[in-house]
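Chemist: sequence plus predicted model, see below.
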Amino acid sequence: MSTTTLIGLAVILVAIIYTATMYNRLVTLRNRFKNGFAQIDVQLQRRHDLIPNLVEAAKAYLTHEQETLTRVIEARNQAVVAKKSAAENPADGQRIGKLSSAENMLTRALAGFYAVSENYPDLKANQTIQQLMEELSSTENKVAFARQAYNDSVMTYNTYREQFPSNILAGMFAFKPSQPLELENPEARQAPKVSF
């Protein structure tokens, strides 16, 4: 073999290795943000499971506030559906956007519940209600941490897939951009505060 042929083969081999490395990096980053979403999914499931217990425990005290309780349950049900949809394909930006909207509605409904509960001293004094509210507050913090880790992974993935030359490979192999899980308004960015 001639030197030119060997150099040509070496260049082709280096190009193949470089392309495979870029592809593998894209796969790794995509799997990392999918794993990040799985962590959010676990915490949201816990949040969604706590809410019906809280509403059920509060029903006896909030007999004149059925609309508030109904709003919380409806928002929770919409959030559960959006979470299931997003969990099927966390790489789908539209599903993540719908989950963000549904979770924002749930946060606003819970804020309304907390505001109403302030007017019922017996409700605030109930041990079961206190425990559920503490667990929900703790879960809100865990959701925030998991969301931050997910959003960081999404940003790393999106940045890498947009950089040259990996953007060419990402386009060829349909590595779509992902969307961070965001809250719509600044008030919803904070976990509800409960005082007894």
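Modeler: Right, received. Where do you want to start? Since this is a predicted model, take the numbers as computed values, not measurements.
Chemist: so which strand or helix has the nearest residue to Phe113 once chain neighbours are set aside?
Modeler: Using CB to CB, 6 or more residues apart in numbering and skipping residues adjacent in sequence, the residue nearest Phe113 is Val72, 5.2 Å away. Where C-beta positions appear, they are placed from N, C-alpha and C, glycine not excepted. With elements delineated by DSSP states H and E, Val72 resides in helix 66-88, which encompasses its position.
Chemist: which other helices and strands does that helix contact?
Modeler: Using 3 or more CB pairs under 8 Å, 6 or more residues apart in numbering; DSSP states H and E as the contact criterion, the neighbours of helix 66-88 among helices and strands are helix 3-59, helix 93-117.
Chemist: next, the angle helix 93-117 makes with the first one.
Modeler: Right, the one you point to is helix 3-59. Between helix 3-59 and helix 93-117, the angle formed by their directions is 20 degrees, by axes from the mean of the first three to the mean of the last three CA atoms, to 10 degrees.
Chemist: check the gap between Ala86 and Gly97 for me.
Modeler: As defined by CB to CB, to the nearest Å, Ala86 lies at a distance of 9 Å from Gly97.
Chemist: so between the two, which is more surrounded?
Modeler: The residue with more neighbours, out of Ala86 and Gly97, is Ala86; 26 against 16, by other CB atoms under 10 Å.
Chemist: next up, the contacts around that one.
Modeler: Phe37, Asp41, Asp92, Arg95, Ile96, Lys98, Leu99 (CB atoms under 8 Å, 6 or more residues apart in numbering).
Chemist: so how far is Tyr23 from the second one?
Modeler: Using CB to CB, one gets 27 Å for the distance from Asp41 to Tyr23.
Chemist: lowest-scoring secondary structure element of the chain by mean pLDDT?
Modeler: Using mean pLDDT, DSSP states H and E, the weakest-scoring helix or strand in the chain turns out to be helix 121-125, at a mean of 82.
Chemist: just name the most buried of the helices and strands packed on helix 66-88.
Modeler: helix 93-117 (a mean of 19; mean count of other CB atoms under 10 Å).
Chemist: quick check: angle from that helix to helix 66-88?
Modeler: Computed with the same axes, to 10 degrees, the direction of helix 93-117 lies at 160 degrees from that of helix 66-88.
Chemist: and the residue nearest to Thr128 when sequence neighbours are not counted, how far from Leu132?
Modeler: Using CB to CB, 6+ apart and skipping the chain neighbours, the partner closest in space to Thr128 is Ala57 (5.0 Å). Note on Ala57: its distance to Leu132, by CB to CB, is 6 Å.
Chemist: and for these two, which residues touch both?
Modeler: Contact criterion CB under 8 Å, 6+ apart; no residue bridges Ala57 and Leu132 by contacting each.
Chemist: give me the buried positions along the next helix or strand after the least confident helix or strand of the chain.
Modeler: Going down the chain from helix 121-125, the next helix or strand is helix 127-162, by DSSP H and E. Neighbour counts over helix 127-162 (16 or more other CB atoms under 10 Å) mark 129, 132-133, 135-136, 139-140, 142-143, 146-147, 149-151, 153-154, 157-158, 160-161 as buried.
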